[in-house]
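Undergrad: Whatever this is, show me its structure:
(one chain, ligands or ions: 1)
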Amino acid sequence: MFGSGRSLSLTIASLVCLITCGSAVAQSVAKPASAPETAPMAQSGGAEACSRKNALGTSRVLEVGTTGGLEVGFKTYRHSLLLDDKEVVLTFDDGPVPGSTEQVLDALKAECVKATFFLIGRNAQDHPNLVRREIAEGHTIGSHSWSHPEKTLRGLSEAAAQAEIVDGISAVQTAAGMEAYVAGKPRVSFFRFPGFADTVATRALLRDRNIGVFGADLWASDWTSITPSAELRLILQRLDHERRGIILFHDTRPQTAAMLPSFLAELKRKGYRVVHMVPGSGTPGTLRDALPAWSSETEAILKQVMPGLLRPKASTPKVKHEM
Ligand SMILES: [Zn+2]
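TA: Below is the predicted model of the structure:
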């Protein structure tokens with residue numbers, strides 16, 4: 001649980017904060033055998049080359065199709081992205097907020113690294129300049145609900161939970177200068193549930209709208225009052241154990257912003273490569289399967305901290321959506 005022997009009590013406390021802290025703030029390309037003269041660059045259209053020598057860079061772009069739905073991230077789901085050994089995807093939740101989000105963007109820019117930001121809708125509405133900076137600097141943006149409710153979407157009525165998704169995506173799109181959410185045609189096609197607490201109906205809505213759901217494969221526990229150096233040690237320890245995966249950070253957390261330059265330097269020193277996931281067309285394609293003994297770590301934690309909000313076991317019904 002939690003990768004490296006953290007106590008269950010800490011785990012529970014951590015997930016409580018993982019759930020609530022957000023609302024407190026409004027196939028592969030091998031690494032070259034020898035270091036290139038300039039860092040590798042992302043291959044997405046319009047991405048500029050990284051001119052800084054010895055930067056970490058982005059090793060490849062992974063187009064992730066979400067037609068028909070997608071659910072990835074071993075902490076919650078049985079599948080994850082097909083990453084090679086020592087490949088990581090960097091994701092940041094709960095922003096944008098002035099200060100720490102800018103620090104995170106500065107650190108990523110210095111190393112020519114592209115990441116994915118899962119934005120809280122009302123934060124995006126309040127700070128559209130930061131949303132536009134994230135896009136202008138080549139990062140992927142996704143949605144993390146409208147308000148990151150403390151009860152999670154699972155604690156809301158079905159209508160309220162669906163409104164959290166639709167309003168959240170709409171706010172991000174509007175802040176980004178896109179048209180507001182139009183049923184059936186969302187431009188923002190990546191979503192992460194607050195607290196990883198999904199529901200049958202919202203999963204069906206997202207699948208029907210061809211929006212991919214992202215959990216995480218490992219995290220930095222940066223929702224705790226951990227110091228930057230302790231966070232750095234912890235995430236590197238977990239990464240050296242897992243060796244690949246979708247990493248969850250929070251760009252709202254000062255300790256994450258503070259330790260990010262050191263983390264990126266350590267990734268390069270240890271030979272890790274950053275993969276930039278971007279929305280793709282079509283179905284998800286081949287995913288990585290969990291081991292047979294897999295079980296959802298986040299569900300086990302939610303069962304402890306929010307026993308009244310267990311995930312329904314019934315198979316997913318076809319839900320009619322009117323929004
Ligand atoms: Zn969150």
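
Undergrad: Give me every residue in the stretch 151-300 of the chain lying close to the ion.
TA: Residues of the stretch 151-300 of the chain lying close to the ion by Cβ under 5 Å from the ion are residue 194. All C-beta spots, glycine's among them, are computed from the backbone N, C-alpha and C.

Undergrad: Helices of the stretch 151-300 of the chain, start to end?
TA: Remark: helices assigned in the stretch 151-300 of the chain by DSSP state H, counting those that start in this stretch are 158-175, 200-208, 228-242, 254-270, 297-305.

Undergrad: Same question for the stretch 1-150 of the chain.
TA: Using DSSP H, counting those that start in this stretch, the helices of the stretch 1-150 of the chain run over residues 8-20, 100-110, 121-126, 128-136.

Undergrad: How many neighbouring residues does the nearest residue to residue 174 once chain neighbours are set aside have?
TA: Taking Cβ to Cβ, 6 or more residues apart in numbering as the measure, residue 174 lies nearest to residue 180, with 5.3 Å between them; neighbours along the chain are not counted. When counting by other Cβ atoms under 10 Å, one arrives at 13 neighbours for residue 180.

Undergrad: Find the one among the helices of the stretch 151-300 of the chain with the highest mean neighbour count.
TA: Among the helices of the stretch 151-300 of the chain, ranked by average contacts under mean count of other Cβ atoms under 10 Å, first place goes to helix 158-175 (a mean of 22).

Undergrad: Spit out the contact partners of the residue nearest the centre of the chain.
TA: Centroid-nearest residue in the chain, with Cα atoms, centre = their mean: residue 91, separated by 3.9 Å. Contacts of residue 91 were listed using Cβ atoms under 8 Å, 6 or more residues apart in numbering, and they are 115, 116, 117, 118, 192, 214, 216, 246, 247, 248, 249.

Undergrad: Could you rerun that using 7 Å?
TA: For residue 91, the contacting residues are 115, 116, 118, 214, 216, 246, 247, 248, 249, taking Cβ atoms under 7 Å, 6 or more residues apart in numbering as the criterion.

Undergrad: For the second one, give me its contacts.
TA: Under the criterion of Cβ under 7 Å, 6+ apart, the neighbours of residue 116 are 89, 91, 139, 140, 142, 190, 277.

Undergrad: Mark which of these are buried, thanks.
TA: The neighbour-count criterion (16 or more other Cβ atoms under 10 Å) marks 89, 91, 139, 140, 142, 190, 277 among those as buried.

Undergrad: For beta bridges, what are the partners of residue 289?
TA: When bridges are assigned using DSSP bridges, the partners listed for residue 289 are residue 79.

Undergrad: Count the neighbours of it for me.
TA: Neighbour count for residue 289, taken as other Cβ under 10 Å: 12.

Undergrad: Return the distance of it relative to the ion.
TA: Going from residue 289 to the ion by Cβ to the ion, to the nearest Å gives 26 Å.

Undergrad: before we move on, what about residue 86?
TA: 27 Å.

Undergrad: Off-centre distance for stretch 239-254?
TA: Chain-centre distance of stretch 239-254: 9 Å, with Cα atoms, centre = their mean, to the nearest Å.

Undergrad: That one: end-to-end distance?
TA: 21 Å (Cα to Cα, to the nearest Å).

Undergrad: before we move on, what about stretch 239-251?
TA: 19 Å.

Undergrad: what comes into contact with that stretch?
TA: Identification of contacts with stretch 239-251 by Cβ under 7 Å, 6+ apart yields 3-4, 73, 80-81, 83-95, 100-101, 104, 117, 214, 216-220, 222-223, 256-257.

Undergrad: pLDDT on it, on average?
TA: For stretch 239-251, the per-residue pLDDT values average out at 98.

Undergrad: what about residue 119, neighbour count?
TA: As a burial measure, the neighbour count of residue 119 was computed by other Cβ under 10 Å and equals 32.

Undergrad: again with residue 225
TA: Using other Cβ under 10 Å, residue 225 has 9 neighbouring residues.

Undergrad: same deal with residue 60?
TA: Burial of residue 60, expressed as a neighbour count using other Cβ under 10 Å, amounts to 19.

Undergrad: doesn't residue 274 make contact with it?
TA: No. Because the distance of 8.8 Å does not satisfy Cβ atoms under 7 Å, residue 60 is recorded as not touching residue 274.
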